[in-house]
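A.B. asks: let me see the structure of the following:
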Amino acid sequence: MPVSKERWQAAQAAEAAWWQKQQDLILSPSYREEIKQRANRLENWFQKHHQFTSESAILEIGGAATPMIDHFSIGQKHAIDPLAHKYKEYFSNVLNSEVAYQTARGEELPFDDASFDIIISRNVLDHVESVDANLAEATRVLKPNGILYVAMNTFSGPLYAFKSVVRETEHPYIFTPDSFRRLLENKSFAIIEVVNDAPENMAHFDDDISSGSLMKKIIHKLFLGLNSYHFDEFILRKI
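C.D. replies: Model prediction:
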């Protein structure tokens, strides 16, 4: 069930403020290199399931200021985000000019049916107004046998309970590993590969410990020790 328009708008405002606050980090060479390595890993993963050419049409939904598609070596590259105009303002000097960026929502993609060979949605579905509408739109604009990559921070045990009570404004939704998988199993896709908690994706949870108050550091450390943080990646093929 979608969240209210007001709840989603509050989430978007909080998200814009967070990215603006993180400008120095996002623009740092070390962080840019980290994003590039994530993207290279993802592009190599796609090569196993799709024959890339210069004509391959690729869409990233909600890549914010660190889109993977910026670093893809080939393909016709597009990206949408409800805050794309903000990211262009804050990070125009590092965003790839070869990518066609548009301000748009995943619930209403401004593309024709069957437009893309590959769609990327990384840590997006917990920010949206309607999860179902986002997945339906991805299905619509993906070509037959096209590839959809969906990844998400998920939480289990006491951390999921904690986040269910202490809700973050920028995240209208939270998922457990099981609820996230069930969400994807109910759609018009075949799951062809899954990776859970890859070390290169889990490092940012450790990084969180280095920032914030002492109490925040203690809480992060506790939940890491309880194995409550997860990062789940799915490669899906449109049926």
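
A.B. asks: from here on, just use CA atoms for contacts and neighbour counts.
C.D. replies: Noted.

A.B. asks: ok, and the helix or strand in this structure with the lowest average confidence?
C.D. replies: Least confident helix or strand, the chain: helix 199-208 with a mean of 65, by mean pLDDT, DSSP states H and E.

A.B. asks: can you point out the buried residues in the longest helix along the chain?
C.D. replies: Among the segments of the chain that qualify as a helix by DSSP state H, the longest is helix 29-47. By neighbour count on 16 or more other Cα atoms under 10 Å, the buried set for helix 29-47 is I35, K36, A39, N40, L42, E43, F46.

A.B. asks: and that helix, average pLDDT?
C.D. replies: What helix 29-47 shows for mean pLDDT is 92.

A.B. asks: tell me which other helices or strands that helix touches.
C.D. replies: On a contact count with 3 or more Cα pairs under 8 Å, 6 or more residues apart in numbering; DSSP states H and E, helix 29-47 meets no helix or strand.

A.B. asks: show me what whichever helix or strand comes after that helix is packed against.
C.D. replies: Following helix 29-47 in sequence order, the next helix or strand is strand 57-61 (DSSP states H and E). Judged by 3+ Cα pairs under 8 Å, 6+ apart, the packing partners of strand 57-61 are strand 76-81, strand 116-122.

A.B. asks: send the alpha carbons of strand 57-61 over as CSV?
C.D. replies: Extracted C-alpha coordinates of strand 57-61, given in CSV (Å, rounded to 0.1, in the frame of the first residue of the first chain):
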residue,chain,number,x,y,z
ALA,A,57,19.7,1.0,-23.4
ILE,A,58,20.3,1.3,-19.7
LEU,A,59,18.2,3.1,-17.1
GLU,A,60,19.1,3.8,-13.5
ILE,A,61,16.1,4.7,-11.2
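
A.B. asks: wait, H127 sits on T169?
C.D. replies: No - judged on Cα atoms under 8 Å, H127 makes no contact with T169 at a distance of 9.4 Å.

A.B. asks: overlap in contacts, those two.
C.D. replies: Listed as contacting both H127 and T169 by Cα atoms under 8 Å, 6 or more residues apart in numbering are A11.

A.B. asks: looking at the protein, which strand is longest?
C.D. replies: Ranked by residue count, the top strand of the chain under DSSP state E comes out as strand 142-155.

A.B. asks: relative to helix 29-47, how tilted is it?
C.D. replies: In terms of direction (axes from the mean of the first three to the mean of the last three Cα atoms, to 10 degrees), strand 142-155 departs from helix 29-47 by 130 degrees.

A.B. asks: got a list of contacts for strand 142-155?
C.D. replies: With Cα under 8 Å, 6+ apart as the criterion, strand 142-155 contacts 49-50, 113-126, 138, 174-177, 180, 228-239.

A.B. asks: buried stuff in that strand?
C.D. replies: If you call a residue buried by 16+ other Cα under 10 Å, then strand 142-155 has these buried ones: L142, K143, G146, I147, L148, Y149, V150, A151, M152, N153, T154, F155.

A.B. asks: ok, it: who's next to it in the sheet?
C.D. replies: Neighbouring strands of strand 142-155 in its sheet, by DSSP bridges, are strand 116-122 (parallel), strand 229-238 (antiparallel).

A.B. asks: tell me the centre residue of the chain?
C.D. replies: Closest residue to the average C-alpha location of the chain: R122 at 2.0 Å, with Cα atoms, centre = their mean.
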